[in-house]
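*Asks:* After the sequence you'll find the predicted model.
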Amino acid sequence: MIAESGHYALVLALALALIQSIVPLIGARLRDAALMNVARSTALAQLLFVGASFVALVTLHVNSDFSVANVYENSHSMKPLLYKITGVWGNHEGSMLLWVSILALFGGLVAAFGNNLPLSLRAHVLAVQAWIASAFYLFILITSNPFLRIVNPPIEGRDLNPVLQDIGLAVHPPMLYLGYVGFSISFSFAIAALMEGRIDAAWARWVRPWTLVAWIFLTLGIAMGSYWAYYELGWGGWWFWDPVENASLMPWLAGTALLHSALVMEKRNALKVWTILLSILTFSLSLLGTFLVRSGVITSVHAFATDPTRGVFILLILCLFIGGSLSLFAGRATSLKQGGLFAPISREGALVLNNLLLTVACAVVLFGTLYPLAMEVMADFKMSVGAPFYNLTFVPLFALLLIAVPFGPMLAWKRGDLLGVTQRLLAAGVAGLVAVAIVWGWTSGGATLAPLAIGLGIFVIAGSITDIVERTGLIRLPFATAMHRARGLPRSAWGTAFAHAGLGVALIGIVCETTWNSEYIATMKQNDVAHVAGYDLKLDGLFSRQGPNFREMIAEFNVSRDGETISVMSPSKRSFTTRGSSTTEAALLTRGASQLYISLGDATAEGAIAVRIYHKPLVLMIWWGPVLMAFGGVLSLSDRRLRVGAPKPARARQRLQPAE
Amino acid sequence: MTLWFVFALMTVAAIFAVLWPLGRGARMQEQGSEVVVYKDQLAEIERDLAAGLIAQPEAEAARVEISRRLLAAAGSEPASEPKSSLKWRRAAAVVALVGLPLVAIGVYMPLGSPLLRDFPLAQRERGAGSGMAQSLENLVVQVEQHLEKNPTDGRGWNVLAPVLERLGRFDDAVRAYRNSITYNGESAERRSDLGEAIAAAASGVVTAEAKTEFERAHALNADDPKANYFLGLAAEQDGRKDDAANIWRALLAKAPADAPWRPLVQSSLARVGGGGVTMPALSDETIAASKDMNEGDRNAMVRGMVERLATRLKQNGDDVEGWLRLVRAYLVMGDRDKAVGASGDARQAVANDAARLKQLNEGLKTLGLDG
């Protein structure tokens, strides 16, 4: 009964979404408040039914009901409870159900908290949301139905892909989907504005917080995915420029650009049309990501099943929404009211530069992702675009962006003073140069550019600190006054500082890890000792153990430095009988921001085992950076004040900077 | 019945969600507007100025800008007199009352299985009394689960291995036989059973790995019939027909008169006894000769040979004669679908060679497959 009720709830959600996509639009045309309000109650009911459907699927997985094909194919009665639950979205059908559940959640949030929106805008936004929802409900019900049944239920399931049996699956997909799907809100707002033919101030007030929410989750989701790949795949890489990663990076780049342009729109009423275009592009890239990952165009751990009908269906959805929204944009954009004016050297100008660099970087990634696919389809020629391409294109663009980052927040709105800002950033610049000199003197080997890149990272961090120091007047004013000002400083200013500093932190981590990591690959016997980066790792022994649904072979290493024992590391290799496959569980030892990393290869007949040991200096900073960025985002989001960008008056040349 | 009741309740809830706002009067709703936003912004500037976050000149400039926008907004605010169009509301209500259940049932009925109840694990473990058939597969799963927890139970592996082989899960059978040898100790029978499973996994080809097992069995018991038979088969597949004949002759000489495998070995011997021809298997004479055997043995033999031929042709598809023999064998066995499939494969395999293709097509025509 649970299975069928869940199935029926999903069907009802589709029926409600169909009503929600049409009735409110008629209401908006007729200015009938009751018809427009249908959007609100149906959005909430939709959330209720999809939520029930999702809970039903989770229950089925927890109860190991193998009469449901999806449970049989992806679960196992011996699996730990956590993986029974996370296994719900560890497969194609379940993950699509999570996708629509999150979509319904965002729709429900707009319905519940959209009281301060003009009625017709809310009706339009929810109707557009319902279009997206209807398309995906149909996709799920027709091509990837998680509630299909087996008449004679087998007694045991086929188990989940062992690589996915990890805590990472509990966090990474929901985060990523909250990000991807969150951008549907700004998309719906953009389409609503185009359909109504006007963008009002309430529009601007709404888009930025929603974009910010999506951006925070996407940032954390990508970082989490990268860390997961780092420790689970067993060869210590954290970013491979593979199409699936690019599929999440592209919406992030476009979303970051959108976040900044929405800022200009919210505070200064400018860049409206561009923001609308970015909203459309960001969500389109999210859809493209879903298509790339789910259609089987790419084979990876994310492509659970390759089924051409699914690919064609998603491609259809993709064409419909991207093509439809872009032609609507082409037709209506010119009729929109343009916003305020500003000088090229100003906060607005800096944000435009940011947008320019981010969108070009995004285009580069898009090209690098699609070009090999296109070549494979059209010229039947297999190629891969990897790190060298991105090092030549993406990296310089980002270096340029990072140089500009500290300048942006310090420029005044409307018209700024570049020379003044440069003077005030002098200290940060000096800090960066000192860092370059120190790194150059201290290290040997590695790329020549590495010290420069570290200097750039320090410059970005110091720039963020300078900004806060300037705003609070920490040096100019008495300490107590400065503290008082710091408390009064808008939280969004703190958010900006943290997010920008996060960029610098991540950059330093990336550069250190790629330049100075050391690795040791060998076949080790008991009592062999490996020397890596000043650490001595002695193989104490190998033994096996029985897990709940796997057997594992564990190697124990005694880690010491200068004769002093630090810790014991025990990497393992797990073999899962049901799927007949195995995973490597790397052992990580964290020392400050650096990590020692051991993963096991195959054992030889003589009792020796292939071992890969890495020392990765400052590697954790790669993920601390995004966490800092997300924290900055949360701070900025918690700033519930109305946001006004006070322009710098043309006549007076004031030293004092606007706080915001 | 409860299920339909739940469905009905859910449908009513969904309909209610649409009808509820329609039923409410057209009273003025609180809603956001541009003017409100700008007024809030003006208030915000005063607050910032008071807190010392912005200076007087900037506050002044911002105030001027926002006031300008406020005026413009107040001028262009659409005169949104809320109207109510009863006609359309009624239409929406009808859609909710009729269309929604129709769509829901129309989509659900072809996809759902309302008659199937849930089968959670707990309920199933309460016993076979729940009406579920204890099929062979389920029993196997139970034995496998038991062995997963007690991998050293040699008797269990012994029981499981032949069942797995019969179910066609040859790779698992190989593993089970290996475990059986590990935990029960080795014997000629177990070694040759393992060899047979390895050969079965390789579609009847006695691979080097399988041959090693038969040789071990042979070393343990030189008279083990299965080991001898397969060693002969290995020799035949290697093209050493005389060796094969010798092995089988020796086997038959020692065999008891009523051994069930006698006819199989005899026919094998007959197959290699002819010698000379490139691929003696499946000549019409052999198939005719096999008619003397009992039904089961004959089928097994013929099928085994056909499979070997098919495997060989998959590796080397140039042999037109071989393809024709395979197609003829399928036709004799009454498996017309496979015959058609094999002729398709054959055409693909020799498609690049016009002469061979012609030969193949003519041959197929004589077999009556090409119309």
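*Replies:* That came through, no problem.
*Asks:* could you list every residue that touches the residue nearest the centre of chain B?
*Replies:* By Cα atoms, centre = their mean, chain B has its centre lying nearest to B:Arg169, at 13.1 Å. Residues near B:Arg169 by Cβ atoms under 8 Å, 6 or more residues apart in numbering or on different chains: none. For the C-beta atoms, the positions are set from N, CA and C on the backbone; glycine is no exception.
*Asks:* Then A:Met96?
*Replies:* With contacts defined as Cβ under 8 Å, 6+ apart, A:Met96 is in contact with A:136, A:139-140, A:144, A:146, A:294.
*Asks:* Please apply the same query to A:Ser599.
*Replies:* By Cβ under 8 Å, 6+ apart, the neighbours of A:Ser599 are A:234-236, A:571, A:584, A:586-587, A:611-612.
*Asks:* Out of these, flag the one nearest to chain B.
*Replies:* A:Thr584 (21.5 Å; Cβ to the nearest Cβ).
*Asks:* Just list whatever residues bridge to the closest one.
*Replies:* Beta-bridge partners for A:Thr584, by DSSP bridges, are A:Lys573.
*Asks:* looking at it, it is touching A:Ala555, isn't it?
*Replies:* No. At 10.8 Å, A:Thr584 does not count as touching A:Ala555 under the criterion of Cβ atoms under 8 Å.
*Asks:* Which one of the two is surrounded by more residues?
*Replies:* A:Ala555 (23 against 20; other Cβ atoms under 10 Å in any protein chain shown).
*Asks:* and the host helix or strand of B:Leu42, what other elements does it pack with?
*Replies:* Assigned by DSSP states H and E, B:Leu42 belongs to helix B:34-51. Packing partners of helix B:34-51 (3 or more Cβ pairs under 8 Å, 6 or more residues apart in numbering or on different chains; DSSP states H and E): helix A:201-232, helix B:56-76.
*Asks:* again, 10 Å this time
*Replies:* With contacts defined as 3 or more Cβ pairs under 10 Å, 6 or more residues apart in numbering or on different chains; DSSP states H and E, helix B:34-51 has these neighbours: helix A:201-232, helix A:479-488, helix B:56-76.
*Asks:* hey, which of the ones you listed is tucked in deepest?
*Replies:* Most buried of these, by mean neighbour count (mean count of other Cβ atoms under 10 Å in any protein chain shown): helix A:201-232, with a mean of 23.
*Asks:* what about that one, distance to the chain center?
*Replies:* How far helix A:201-232 lies from its chain's middle: 5 Å, per Cα atoms, centre = their mean, to the nearest Å.
*Asks:* what about that helix and chain B, touching?
*Replies:* Yes. Counting by Cβ under 10 Å from any Cβ of the partner chain, chain B has neighbours in helix A:201-232: A:201-206.
*Asks:* Show me which pair in these is furthest apart.
*Replies:* A:Ala201 and A:Trp206 (9.9 Å; Cβ to Cβ).
*Asks:* most neighbours, which of the contacts of A:Met96?
*Replies:* Highest neighbour count within the contacts of A:Met96, by other Cβ under 10 Å: A:Pro146, with 29 neighbours.
*Asks:* For A:Tyr597, pull up the helix or strand it's in.
*Replies:* strand A:594-603.
*Asks:* List the neighbouring strands of whatever helix or strand comes next after that strand plus their orientation.
*Replies:* Note on strand A:594-603: by DSSP H and E, the next helix or strand toward the C-terminus is strand A:609-616. Strand pairing for strand A:609-616, determined by DSSP bridges: strand A:518-524 (antiparallel), strand A:594-603 (antiparallel).
*Asks:* Grab the most central residue of chain A for me.
*Replies:* A:Leu218 (2.5 Å).
*Asks:* Excluding chain neighbours, what is closest to that residue?
*Replies:* A:Gly179 (2.7 Å; Cβ to Cβ, 6 or more residues apart in numbering or on different chains).
*Asks:* Name all residues that make contact with the one you found.
*Replies:* A:102, A:213-222, A:248, A:251-252, A:255, A:286 (Cβ atoms under 10 Å, 6 or more residues apart in numbering or on different chains).
*Asks:* which one of the residues you listed is nearest chain B?
*Replies:* Set against chain B, the nearest of the contacts of A:Gly179 by Cβ to the nearest Cβ is A:Val213 (19.2 Å).
*Asks:* So the closest one is in contact with A:Phe113, correct?
*Replies:* No. Contact criterion Cβ atoms under 10 Å: A:Val213 and A:Phe113 do not qualify, at 11.9 Å.
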